[in-house]
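> build me a structure from this.
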Amino acid sequence: MQNNTKQAKQNRNKARNWLIALVVLVVVTVVACWPTNYYIESPGEAVPVGQFIKSKNKKPNNFYLVTVSETSRPASVAQYLWSYTRKFDTRIPSSELLGGQTGSQYQELQGWFMDTSQQNAIYYAAKKAGLKPKLNYKGVYVLNVQKHSSFKNKLQVGDTVLGANDHNFHSTEEMMAYLQKQKIGSKVTISVLRNDEKKHFTGKIVRVEGTNKAGIGIQLVENVKVTTKPKLTINAGQIGGPSAGLMFTLTSYEVFTNHNLTKGHKVAGTGTIAPNGQVGIIGGVDKKVVSASKAGAEVFFAPTDSTGVKKSATNYVVAKKTAKQIHTKMKIVPVSSFKDALKYLKSHY
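Numbering: from 1, shown residues only. So this is what the prediction gives:
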């Protein structure tokens, strides 16, 4: 009888211990999967640019754009903690990454940036190749409406601003110049295109944050379409953002001129491209250096643009520092414009 009682007690203790272990496991799993307010950015991959370009001319395939891998949704607690074990992972607050937008709006925004980057690349490459590209200005995409703007609850992300006060514009510079001439507090009626429907909204001219100049208080990106002869189009699929601009331009220039700029050497790089060929600063350059090196790139073009950062934090300086940390043989080449990259390629290959 005593043995039976003892055995029953042992069984109850085992059951209790298993139950406790199960509860602990469930709690740990729930906590580990619980979302944080951070996104994780990691080194992505180096991808041949030629595969994205469609043209009758032969496409070289030795220029590589480099991506940054980003979690599609806020990281879980487990992902957040694990990121500390990976040297080049970066944890970015949702508020900083999204800037008050939804995840879908952010992805759409990256698509607009990519499209603008592609159009600028085709335009400048064609011009540099001695062709006569046609630039069709369609307006400006609304990326964000500032808090103090009187259009805050009127304009939406994705609207295309066409004109103001019955004035139609032919460039972003023309639109900004017109708005800056208006008096602060004066009324302005703007026309926009939303889902292929033209709309009109009236508000007031305000001082634009960060510039102290007159405007309507929006963050924008130009909506343009370029046509060339021979025809060339770029489709990068799900890759977003403007950072492949320089590499798109170099590859497009090769297509337009039928020149082989790399002579079989593997060349990677990053940087936005402006219609005048200037190369701009981008984010995540350290991760891109890691990815390019793993892919076997011999050269990595890095922007020297210091817009918004100290000279000690330019893409070029950070890229050089990262290259030293990972002991790569890949050469980091500074570029401020397309001409710098072209000069390097012609002088070395």
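
> ranges for the helices of the protein?
Per DSSP state H, the chain carries helices over the ranges 2-33, 77-82, 94-98, 103-128, 172-180, 245-257, 285-294, 315-325, 338-348.

> could those go into JSON lines alongside mean neighbour count, distance to S306 and mean pLDDT?
Yep, even glycine has a C-beta here, placed from its N, CA and C like the rest. JSON lines is the format used below for the helices of the chain (neighbours: other CB atoms under 10 Å; distance: least, CB to CB, whole Å; pLDDT from 0 to 100):
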{"stretch": "helix 2-33", "mean neighbour count": "10", "distance to S306": "41", "mean pLDDT": "72"}
{"stretch": "helix 77-82", "mean neighbour count": "16", "distance to S306": "31", "mean pLDDT": "89"}
{"stretch": "helix 94-98", "mean neighbour count": "14", "distance to S306": "21", "mean pLDDT": "83"}
{"stretch": "helix 103-128", "mean neighbour count": "21", "distance to S306": "20", "mean pLDDT": "87"}
{"stretch": "helix 172-180", "mean neighbour count": "16", "distance to S306": "22", "mean pLDDT": "88"}
{"stretch": "helix 245-257", "mean neighbour count": "26", "distance to S306": "17", "mean pLDDT": "96"}
{"stretch": "helix 285-294", "mean neighbour count": "24", "distance to S306": "13", "mean pLDDT": "97"}
{"stretch": "helix 315-325", "mean neighbour count": "19", "distance to S306": "9", "mean pLDDT": "97"}
{"stretch": "helix 338-348", "mean neighbour count": "17", "distance to S306": "15", "mean pLDDT": "96"}
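
> nearest to G217, of those helices?
With CB to CB as the criterion, G217 lies closest to helix 172-180 of those, at 10.0 Å.

> check which helices and strands the closest one sits against.
Helix 172-180 is packed against strand 160-164, strand 214-215, with contacts defined by 3 or more CB pairs under 8 Å, 6 or more residues apart in numbering; DSSP states H and E.

> which one of those lies closest to E197?
That would be strand 160-164 among the helices and strands packed on helix 172-180, by CB to CB, at 11.0 Å.

> from S337, how far off is E45?
26 Å (CB to CB, to the nearest Å).

> and those two? Which one has more around it.
For E45 versus S337, neighbours defined as other CB atoms under 10 Å are more numerous around S337 (20 against 15).

> residues in contact with the more buried one?
277-279 (CB atoms under 8 Å, 6 or more residues apart in numbering).

> with V157 instead?
101, 105, 108-109, 142-145 are the contacts of V157 under CB under 8 Å, 6+ apart.

> how about V68?
41-44, 283-284, 287-288.

> once you drop chain neighbours, what's closest to it?
Leaving aside its chain neighbours, V68 sits nearest to G284 (4.0 Å; criterion: CB to CB, 6 or more residues apart in numbering).

> most tightly surrounded among the helices and strands packed on helix 172-180?
Sort the helices and strands packed on helix 172-180 by mean neighbour count, taking mean count of other CB atoms under 10 Å, and strand 214-215 sits at the top with a mean of 22.

> note down every partner strand of that strand and its orientation.
Using DSSP bridges, the strands paired with strand 214-215 are strand 206-207 (antiparallel).

> tell me the mean pLDDT for the partner strand?
Average pLDDT, strand 206-207: 90.

> next one: that strand to chain centre, how far?
28 Å (CA atoms, centre = their mean, to the nearest Å).

> ok, residues contacting stretch 340-349?
Contacts of stretch 340-349 (CB under 8 Å, 6+ apart): 128, 246, 250, 253, 261-263, 265, 267, 269, 279, 299, 301, 333-335.

> which residues does V142 bridge with?
Under the criterion used (DSSP bridges), V142 bridges to L220.

> isn't it up against V161?
Yes: applying CB atoms under 8 Å as the test, V142 and V161 come out as touching, 6.4 Å apart.

> spell out which residues are contacts of both of those two.
With CB under 8 Å, 6+ apart as the test, V142 and V161 both reach 155, 192, 218, 220.

> and the first one, how far is that from G203?
Counting by CB to CB, the gap between L155 and G203 amounts to 9 Å.

> which one of the two is surrounded by more residues?
When L155 and G203 are compared on other CB under 10 Å, the one with more neighbours turns out to be L155, at 22 against 18.

> right, and the more buried one touches N144 too?
No: at 9.5 Å, L155 does not count as touching N144 under the criterion of CB under 8 Å.

> now do the same contact list for the residue nearest to V68.
Contact analysis of G284 by CB under 8 Å, 6+ apart lists 41, 68, 90.

> now swap in V318 and tell me
Neighbour list for V318: 285-286, 302 [criterion: CB under 8 Å, 6+ apart].

> kindly report the same for P43.
Contacts of P43 (CB under 8 Å, 6+ apart): 68-69, 88, 287-288, 290-291, 294.

> so what sits opposite it in the bridge?
Counting by DSSP bridges, the residues bridging with P43 are V68.

> same check, this time on T202
Assessed by DSSP bridges, T202 has beta-bridge partners T189.

> I figured it hits T189, correct?
Yes: the pair T202 / T189 is scored as a contact, 4.5 Å apart, by CB under 8 Å.

> hmm, back to that, which of the contacts of S337 sits closest to T328?
Nearest member of the contacts of S337 to T328, counting by CB to CB, is V279, at 21.5 Å.

> state the pLDDT value of the residue lying closest to the closest one once chain neighbours are set aside.
Spatially, and ignoring its direct neighbours in sequence, V279 is nearest to G271 (4.0 Å; CB to CB, 6+ apart). With respect to pLDDT, G271 scores 97.
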